[in-house]
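1. sequence and predicted structure, then a few things I'm wondering about:
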Amino acid sequence: MKLPLFSAAILLTALVACNDSKTSKMTENTDNNPLLVESTLPYGAPDFSKIKDEHYRPACSKEWLWQNERIVAIANSNEAPTFENTIIALEKSGVELERASAVFNALTEANTNDTLKVLQKELSPKFAEHADGIHLNEKLFARIKALYDKRESLKLDAESLKLLENYYEDFVVAGANLSATDKETLKKYNSELASLETDFNQTLLEGSLAAAQTINGQKVAIVNTTQQPLLSELANRNARKQLFEASWNRTDGGAHNTNDILKRIALLRAKKAELLGFKNYAEWSLQRTMAKTPVAIAQFFKDLVPASVGKAKAEAKEIQAQIAKTGGNFTLEPYDWNFYAEQVRKAKYDLDENEIKPYFELKNALENGVFYAATKLYGITFKERKDIPAYHPDVLVYELFEEDGTPLGLFYGDFFARESKRGGAWMSNFVNQSKLLGTKPVIYNVCNYVKPAEGKPALLTYDELTTLFHEFGHALHGFFANQQYASLSGTAVARDFVEFPSQFNEHWALYPDILKNYAVHYETKQPISTSTY
């Protein structure tokens, strides 16, 4: 999920707050820095053919100066606050910073390296410090509050009113109403938390890489989830246990131990929430969601958990019976679940995961499944753009068009796992849609599918296929944005709503008219049997 423009801009200004004479790279020449100028590529897409690691520091330094001048001017203005000179000015204050922060954030998550890791670790607390410098600015907040208090008389349109309310609520939740003493305490908490959270993420990536196992003579990488895809195929129980425990213990002890980091994070989050007037961190973190309170969440789980536990127990009983049926004399363990669940599924539904994978070849599923569904549903069309540079050779780039041919935006698909990428799957933006700024969306999806050997097809499991549709549902949420303000654009919504468009899009994966268009055996070219679905 992407940050609102103002928050993302603050993130990058934090990157430049480390303008320290001890850090010589901050004084690098800013000439010919592609992050300091608007890209000439379609839709303002980042020109990855020119962007280098050494560009981030000087770009941040210069762009911090630009935004800081604007922030100071807004806060210290002698004019009475208006929506235009305060809220719109804030909304536009970091447009250049968004250019660099969007690229930096994307690469530290999807294609990092030693240089970026050091930079990220060094600058994380500076980000927190600069964000606090804005959110805790008394004069700035006073102007926002003055407008918020008389918002009903401003006669703003619905979107502008929402923008004003968001800025006010963001500042309040960030601590704008605290005393001067408490603000200083909050700054210390936020700075340390930023460092600890970066430490955790980098340690998790390093621990996952180090936990890779050799199974049957082949190196098996550890993916994001505790359960590993290969567990459904390993007949050797000791091998399953080996792989599962490597996944489970990847950051529990040893050189990649995160236990102390997590304990400290939990403690600081609790202290921060208490300082801000909340009973706990959960209560604070839910302020900008639809649920609002831990009580509402607890009620949701009160209904969900019993049903889920009952279903899990029923499945466990079936799996245990399958173990006995195949001669096993042991009690079901977590590392047995996927292997025997696959056998149960095959017996009950005559469905074998390995038999359906050949029908789900990645690029075909993308173009003739995911894209085809979007065309049938919404009229949009797609054209691959091999002329637009990406940040890694594996990344695919497509241009999207409205039904009438109007350009809609750019889509980047980064699908294969690699050691420079964190686990999981996600969507974000290089460019946010905004009528105010005259920008169309440039969006990317990131997944972690196993890259096949040279010349071999990338075949997806059903779960991976669902993820492909799911993440593009997020992308559609971004592409169909039609907002005046980037801060309200696309997926800049409550976190407990943001998954709805993506989950909705998942359901088209097995819709018969969609499925028959892409579920074709990569070798025989025969369509998947209708009895399969």
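-> Alright, I've got the coordinates.

2. can you map out the helices along the stretch 1-150 of the chain?
-> Per DSSP state H, counting those that start in this stretch, the stretch 1-150 of the chain carries helices over the ranges 5-16, 56-75, 89-92, 95-110, 114-135, 138-149.

3. looking at the ones you listed, which is closest to Ser428?
-> Closest to Ser428 of these is helix 95-110 (C-beta to C-beta; 6.6 Å). In this view, the C-beta of every residue, glycine as well, is placed from N, C-alpha and C.

4. in which helix or strand would I find Phe382?
-> According to DSSP states H and E, Phe382 maps onto strand 381-384.

5. next, the buried residues of that strand.
-> For strand 381-384, burial by neighbour count (16 or more other C-beta atoms under 10 Å) applies to 381-382.

6. which neighbours does it have in its sheet, and in what orientation?
-> Sheet pairing here is set by DSSP bridges, and for strand 381-384 it gives strand 396-401 (antiparallel).

7. show me the contacts for the closest residue to Arg143 other than its chain neighbours.
-> Excluding its sequence neighbours, the residue lying closest to Arg143 (C-beta to C-beta, 6 or more residues apart in numbering) is Pro81, at 3.9 Å. Each residue near Pro81 by C-beta atoms under 8 Å, 6 or more residues apart in numbering is listed here: 143-144, 146-147.

8. buried ones from these, can you make that a PyMOL selection?
-> To isolate the buried ones among the contacts of Pro81 in PyMOL, judged by 16+ other C-beta under 10 Å, type:
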select buried, resi 143+144+147
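
9. now, which of the contacts of Pro81 sits nearest Phe339?
-> Ile144 (56.6 Å).

10. hmm, that closest one is touching Thr86, no?
-> Yes: between Ile144 and Thr86 there is a contact under C-beta atoms under 8 Å: 6.4 Å.

11. out of the helices of the stretch 1-150 of the chain, flag the one nearest Leu209.
-> Counting by C-beta to C-beta, Leu209 lies closest to helix 114-135 out of these; the figure is 12.4 Å.

12. returning to that earlier point: and which of the contacts of Pro81 is nearest to Ala486?
-> Among the contacts of Pro81, Ile144 lies closest to Ala486 (C-beta to C-beta), at 17.8 Å.

13. and the pLDDT for the closest one?
-> Turning to Ile144, the model gives it a pLDDT of 99.

14. strands of the chain, start to end?
-> Using DSSP state E, the strands of the chain run over residues 213-215, 218-220, 381-384, 396-401, 407-416, 426-431, 442-449.

15. can you count the residues close to the nearest residue to Asn257 once chain neighbours are set aside?
-> Distances taken as C-beta to C-beta, 6+ apart put Thr251 closest to Asn257, at 6.3 Å, once the chain neighbours are dropped. Thr251 has 22 neighbouring residues, counting by other C-beta atoms under 10 Å.

16. how about Thr251, phi and psi?
-> Main-chain dihedrals, Thr251, degrees, to the nearest 10: phi -130, psi 30.

17. how much space separates it from Asp114?
-> According to C-beta to C-beta, to the nearest Å, Thr251 and Asp114 sit 20 Å apart.

18. now do Tyr349
-> Noted for Tyr349: a distance of 48 Å to Asp114, by C-beta to C-beta.

19. repeat that for Leu97.
-> Distance from Leu97 to Asp114, counting by C-beta to C-beta: 25 Å.

20. repeat that for Ala486.
-> Distance of Ala486 to Asp114, given as C-beta to C-beta: 33 Å.

21. comparing those two, which residue is more hemmed in?
-> Shown here are Ala486 and Asp114; by other C-beta under 10 Å, Ala486 has more neighbours (30 against 8).

22. isn't that one right up against Asn432?
-> Yes: counting by C-beta under 8 Å, Asn432 is a contact partner of Ala486 at 4.1 Å.

23. what stretches of the stretch 101-250 of the chain score poorly on pLDDT?
-> Of all residues in the stretch 101-250 of the chain, none has pLDDT under 70.

24. for stretch 394-410, which outside residues touch it?
-> Applying C-beta under 8 Å, 6+ apart, the contact partners of stretch 394-410 are 42-43, 45, 363, 366, 371, 378-386, 388, 390, 411-416, 418, 430, 433, 440-444, 451, 478-479.

25. now the buried members of those residues.
-> 42-43, 45, 366, 371, 380-382, 385, 388, 390, 411-416, 430, 433, 440-444, 478-479.
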